[in-house]
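K.L.:
Next input, structure requested:
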Amino acid sequence: MTTFSDIFKKSFLNDASLDLDFYNIILALLAAYICGMIIFFVYKKFYRGVLYSHNFNILLVIVCMITAFIVLTISSNIVLSLGMVGALSIVRFRSAVKEPLDIGFLFFAISVGITCGASLYLMSFVCTILISLVYILLVKVKYQTNIYLLVLKYDKVTADAVNKELANLKYVLKNKTVFADRVELTVEMKLKSGDSTDFLTVLSDIEGVHSAILVGYNGDFAD
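P.N.:
Residues are numbered from 1 along each chain as shown. Sure, this is the predicted structure:
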């Protein structure tokens, strides 16, 4: 007597062989490659991080194609999909991604690979272009207000003169380090394009001030 359990097992065994069309494989990988190259050129042309990595940019294209063929594989066979999930779950990546935007681009590439592997080619192309345009638009937007860090190093005896000059500025105290006879002060300032930075010269001319440095700041690192 044939039971439901026998039918269920038989369906798994019959599904053990891959039923992938060569044309669909090539089409999925080609679509992933084209979308990956769009991401490649957008990342290269409009990169705003500290140091551009050509190897990471190549990785984005490779990730698109690798994810596509993984999705093709697991969508063709349930047994393989379960085994691949188990195999990928033990993989550990030790390379640290320091730039937040790089994580976004990596997730972007994985998403493109998933949609291409699922044969959603129109969605892949449309979403790749739209997301790229949104990124380019946000990169090209020029903000009138920029954030800077003012770093001062001066003697303790000069503190009154420094504080008097700082009183004329709008700032937020970020860090203050006091040594035996010296003070290192870091404050955050917002300056509009075209604002005068003559206060930097005034501060550096105060007797007892060893250095006055103004650097651009984006929240993660100083430019």
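
K.L.:
Show me what the host helix or strand of residue 132 is packed up against.
P.N.:
Taking DSSP states H and E as the definition, residue 132 sits inside helix 121-140. Packed against helix 121-140 by the contact rule (3 or more C-beta pairs under 8 Å, 6 or more residues apart in numbering; DSSP states H and E) you find helix 22-45, helix 100-117. Bear in mind the C-beta positions are built from the backbone N, C-alpha and C, glycine included.

K.L.:
Now do the shortest one against helix 22-45, angle only.
P.N.:
It stands for helix 100-117. Angle between the axes of helix 100-117 and helix 22-45 is 160 degrees (criterion: axes from the mean of the first three to the mean of the last three C-alpha atoms, to 10 degrees).

K.L.:
If you average the pLDDT over helix 100-117, what comes out?
P.N.:
When pLDDT is averaged along helix 100-117, the result is 90.

K.L.:
That helix packs against which elements?
P.N.:
In terms of contacts (3+ C-beta pairs under 8 Å, 6+ apart), helix 100-117 is packed against helix 22-45, helix 54-76, helix 121-140.

K.L.:
Output those as CSV; include the columns mean neighbour count.
P.N.:
Below are the helices and strands packed on helix 100-117 laid out as CSV (neighbours: other C-beta atoms under 10 Å):
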stretch, mean neighbour count
helix 22-45, 18
helix 54-76, 18
helix 121-140, 14
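
K.L.:
how does the chain divide up, domain by domain?
P.N.:
The chain breaks down into these structural domains: 4-140, 145-216 (assignment by automatic domain parsing).

K.L.:
Mean pLDDT lowest where, among the ones you listed?
P.N.:
domain 4-140 (a mean of 79).

K.L.:
Check the offset of that one from the chain's centre.
P.N.:
With C-alpha atoms, centre = their mean, to the nearest Å as the basis, domain 4-140 stands 17 Å off its chain's centre.

K.L.:
do stretch 131-145 as well
P.N.:
Stretch 131-145 has its average C-alpha position 15 Å from the chain's average C-alpha position, going by C-alpha atoms, centre = their mean.

K.L.:
Other residues contacting it?
P.N.:
The contact list for stretch 131-145 (C-beta atoms under 8 Å, 6 or more residues apart in numbering) reads 38, 39, 42, 46, 48, 108, 190, 191, 192, 193.
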